[in-house]
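**Q** Here is my input, please return the structure:
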Amino acid sequence: MSSPAANFDELDLFVWEGKADILDRIARCMASFDVEVIRADGMPPPHQEQGVALRPSVAIISVTVIDGGGLAHATELLQGMPVIWVAAGSRERDSRTYPPEYLHVLPYDFTCAELRTMVAKLVRQLRAREVAPQPPDVLVAHSDAMKALLAEVNAFSDCDHSVLVRGETGVGKERIAQQLHLGHQRYGKGAFVAVNCGAIPDGLFESLFFGHTKGSFTGAVHAHRGYFEQATGGTLFLDEIGDLPRYQQVKLLRVLEDNAVTRLGATAPVRVDFRLVAATNRNLREMVASGEFRADLFYRLAVIELHVPSLEERGEIDKIAIFKALLTNVLGDELEALGETPHWLSDAVAETYFPGNVRQLRNLAERVGVIARQLHSWDQNLIQRAIALTRGTPAPAASASNGMNGSGGGVGSIDGSADRKGWNSSERNRIIAALEINDWKRQDTAQYLGISRKVLWEKMRKYQILDGEPGIPEEQ
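**A** Numbering: from 1, shown residues only. Next comes the predicted model:
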């Protein structure tokens with residue numbers, strides 16, 4: 001069982017172990033990476049020479065340091081480092097044990113997989129701190145997922161075929177539609193007409209989309225060009241296409257087939273020529289299967305399909321970059337007087353799960369911006385209260401291996417209770433000891449334990465035993 005590749009570039013781990021025996025285990029877990037593990041108990045603060053930047057650093061602190069009165073010394077050494085707390089099982093969830101801004105907690109019997117995942121996550125946050133704010137009109141794309149999407153947008157923007165843009169609510173599907181519009185040599189010179197299909201009043205579909213002539217019905221005092229005509233020569237963007245009633249879907253399909261519309265009250269059709277981009281946060285394939293959405297319309301819409309990743313899929317760097325851009329938009333010139341966005345705020349944004357994606361992140365940026373502007377400071381108490389209100393929805397579960405690539409989506413703090421159900425610590429240590437005796441050779445170890453190689457592999461997977469995994473001593 002090998003560990004997924006991690007992206008640790010010249011990292012220092014400062015370890016305050018207090019009375020806990022964790023330093024050697026941490027060193028063994030990180031031995032295969034370019035990581036220096038430093039025992040920090042009693043050492044002076046790291047010195048930064050002029051013109052020479054310190055290496056990225058993460059602190060790992062045992063709660064026994066608090067019991068021994070060494071927290072003040074540790075705090076002096078931290079200098080903005082993100083912190084991982086190591087706690088005994090009985091104190092793992094007692095938030096009163098730790099300073100409130102320290103949210104990353106590992107159990108005393110942490111595994112190498114858990115440690116590496118959390119360290120990788122904090123390294124990403126360290127890198128995200130260095131991201132410079134971008135103008136609000138620039139599309140942020142630091143993550144691999146977003147770079148891949150923009151590559152597809154560039155590839156397909158200058159073609160005439162319809163595009164279906166999929167993604168959760170608030171991810172910025174309309175921004176992608178605008179990029180597709182601007183990238184088309186011919187249609188990009190025309191209008192971009194955006195329509196929310198979920199907000200069309202009953203009985204007004206024909207008038208709004210097809211238009212009407214003067215006097216065609218009571219109140220029609222002027223002729224009106226519908227959305228299809230308005231978009232001619234440009235792009236028609238139909239947002240929330242999954243909310244379009246079935247009886248209206250067939251009318252849309254007819255226009256796409258004929259490239260012509262007839263206004264209400266008129267007899268002669270009008271030719272239309274536009275590029276159609278539709279967006280939805282629903283699964284249209286399932287809707288087709290259930291009969292809620294017409295299959296023939298789906299096939300006309302989904303010639304090209306693009307998926308817009310959520311903020312969780314984009315990861316911490318994109319989250320913080322977008323937040324800083326939005327904050328710059330709210331504060332304007334006042335941001336310079338306030339100074340750089342504090343690390344604790346950037347880290348809190350990276351930690352937060354936003355089910356409403358960029359739209360919800362914009363709400364938080366506006367709240368924080370108003371607080372900072374009115375109080376002329378980054379008031380930690382009020383801002384943390386605003387963040388707490390945002391954190392009403394827990395993040396979806398993520399596996400321990402997902403955080404190892406250094407570029408993917410965010411990974412929540414390790415919660416060992418779910419994965420460790422049914423664990424036997426003695427058996428785990430016995431397997432590790434047998435692996436060490438047999439130089440980590442699986443077949444020899446299985447024979448030594450009197451089990452098959454398959455059973456050994458299953459137990460290693462169950463107990464998250466990676467190559468070189470240290471045994472876990474009894475709790476202190």
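
**Q** So what does Thr262 look like in phi/psi?
**A** Torsion angles at Thr262 (phi, psi; degrees, to the nearest 10) stand at phi -120, psi 120.

**Q** now swap in Pro355 and tell me
**A** Dihedral angles (degrees, to the nearest 10) for Pro355: phi -60, psi -30.

**Q** What of Leu11?
**A** Per-residue torsions, Leu11: phi -110, psi 140 (degrees, to the nearest 10).

**Q** Quick one: low-confidence residue ranges for this structure.
**A** Scanning the chain with the threshold set as pLDDT under 70 gives 1-9, 43-54, 67-79, 88-102, 132-136, 215-221, 392-422, 472-476.

**Q** Can you spell out which helices and strands pack onto the helix or strand harbouring Ile322?
**A** In the assignment (DSSP states H and E), Ile322 maps to helix 316-331. Here helix 316-331 touches helix 112-129, helix 311-314, helix 334-338, helix 343-351, helix 357-375, going by 3 or more C-beta pairs under 8 Å, 6 or more residues apart in numbering; DSSP states H and E. Every C-beta, even on glycine, is put in place using the N, C-alpha and C of the backbone.

**Q** Need those in JSON lines (columns: distance to Lys462).
**A** Below are those laid out as JSON lines (distance: least, C-beta to C-beta, whole Å):
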{"stretch": "helix 112-129", "distance to Lys462": "12"}
{"stretch": "helix 311-314", "distance to Lys462": "27"}
{"stretch": "helix 334-338", "distance to Lys462": "50"}
{"stretch": "helix 343-351", "distance to Lys462": "29"}
{"stretch": "helix 357-375", "distance to Lys462": "35"}
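
**Q** looking at the ones you listed, which is closest to Gln185?
**A** Comparing the helices and strands packed on helix 316-331 against Gln185 with C-beta to C-beta, the closest turns out to be helix 357-375 (28.7 Å).

**Q** what about the nearest residue to Val58 once chain neighbours are set aside, how many neighbours?
**A** Leaving aside its sequence neighbours, Val58 sits nearest to Leu122 (C-beta to C-beta, 6 or more residues apart in numbering; 5.1 Å). When neighbours are counted by other C-beta atoms under 10 Å, Leu122 registers 24.

**Q** Equivalent analysis for Ala446, please.
**A** 19.

**Q** That one is in contact with Glu458, isn't it?
**A** No: applying C-beta atoms under 8 Å as the test, Ala446 and Glu458 come out as separate, 11.0 Å apart.

**Q** Enumerate every residue touching the nearest residue to Ala365 once chain neighbours are set aside.
**A** Sequence neighbours aside, Leu326 is the residue nearest to Ala365 in space, at 3.7 Å (criterion: C-beta to C-beta, 6+ apart). By C-beta atoms under 8 Å, 6 or more residues apart in numbering, Leu326 lies in contact with 136, 361-362, 365-366, 369.

**Q** For those residues, give me JSON lines that also has distance to Ser426 and neighbour count.
**A** Below are the contacts of Leu326 laid out as JSON lines (distance: C-beta to C-beta, whole Å; neighbours: other C-beta atoms under 10 Å):
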{"residue": "Pro136", "distance to Ser426": "57", "neighbour count": "14"}
{"residue": "Leu361", "distance to Ser426": "46", "neighbour count": "21"}
{"residue": "Arg362", "distance to Ser426": "51", "neighbour count": "21"}
{"residue": "Ala365", "distance to Ser426": "50", "neighbour count": "22"}
{"residue": "Glu366", "distance to Ser426": "54", "neighbour count": "15"}
{"residue": "Gly369", "distance to Ser426": "54", "neighbour count": "20"}
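
**Q** Please enumerate the strands of this protein.
**A** Remark: strands assigned in the chain by DSSP state E are 11-16, 35-39, 57-62, 83-87, 104-107, 163-166, 192-196, 211-212, 224-225, 235-239, 260-261, 270-271, 275-280, 304-307.

**Q** Mean neighbour count and distance to Glu469 for these - can I get that in JSON lines?
**A** Formatted as JSON lines, the strands of the chain follow (neighbours: other C-beta atoms under 10 Å; distance: least, C-beta to C-beta, whole Å):
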{"stretch": "strand 11-16", "mean neighbour count": "23", "distance to Glu469": "17"}
{"stretch": "strand 35-39", "mean neighbour count": "17", "distance to Glu469": "16"}
{"stretch": "strand 57-62", "mean neighbour count": "25", "distance to Glu469": "17"}
{"stretch": "strand 83-87", "mean neighbour count": "24", "distance to Glu469": "17"}
{"stretch": "strand 104-107", "mean neighbour count": "22", "distance to Glu469": "15"}
{"stretch": "strand 163-166", "mean neighbour count": "23", "distance to Glu469": "40"}
{"stretch": "strand 192-196", "mean neighbour count": "18", "distance to Glu469": "53"}
{"stretch": "strand 211-212", "mean neighbour count": "22", "distance to Glu469": "70"}
{"stretch": "strand 224-225", "mean neighbour count": "16", "distance to Glu469": "69"}
{"stretch": "strand 235-239", "mean neighbour count": "25", "distance to Glu469": "50"}
{"stretch": "strand 260-261", "mean neighbour count": "18", "distance to Glu469": "68"}
{"stretch": "strand 270-271", "mean neighbour count": "13", "distance to Glu469": "70"}
{"stretch": "strand 275-280", "mean neighbour count": "25", "distance to Glu469": "45"}
{"stretch": "strand 304-307", "mean neighbour count": "17", "distance to Glu469": "37"}
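
**Q** which one of the ones you listed lies closest to Glu316?
**A** Across these, closest to Glu316 is strand 104-107 (C-beta to C-beta), at 12.8 Å.

**Q** Check the offset of the closest one from the chain's centre.
**A** The chain centre lies 21 Å from the centre of strand 104-107; the measure is C-alpha atoms, centre = their mean, to the nearest Å.

**Q** Name every sheet partner of it and say whether each one runs parallel or antiparallel.
**A** Take DSSP bridges as the rule and strand 104-107 pairs in its sheet with strand 83-87 (parallel).

**Q** List of residues touching the partner strand?
**A** 20, 22, 58-63, 94, 97-98, 102, 104-108, 110, 115, 118-119, 122.

**Q** about what we covered before: closest to Ala386 out of the strands of the chain?
**A** When those are compared by C-beta to C-beta, strand 104-107 sits nearest Ala386, at 21.1 Å.

**Q** Let me see the contact set for Asp158.
**A** 183-185.

**Q** By neighbours, which of those wins?
**A** Highest neighbour count within the contacts of Asp158, by other C-beta under 10 Å: His184, with 18 neighbours.

**Q** check contacts around that residue.
**A** Applying C-beta under 8 Å, 6+ apart, we find His184 in contact with 157-159, 235, 275.

**Q** ok, these vs Ile322, which is closest?
**A** Using C-beta to C-beta, Ser157 comes nearest to Ile322 of the contacts of His184, at 22.1 Å.

**Q** so how far is Phe293 from the residue nearest to Ala365?
**A** As for Leu326, its distance to Phe293 is 34 Å (criterion: C-beta to C-beta, to the nearest Å).

**Q** Please apply the same query to Leu345.
**A** In this structure, Leu345 and Phe293 are 43 Å apart, going by C-beta to C-beta.

**Q** repeat for Gly242
**A** Distance from Gly242 to Phe293, counting by C-beta to C-beta: 7 Å.
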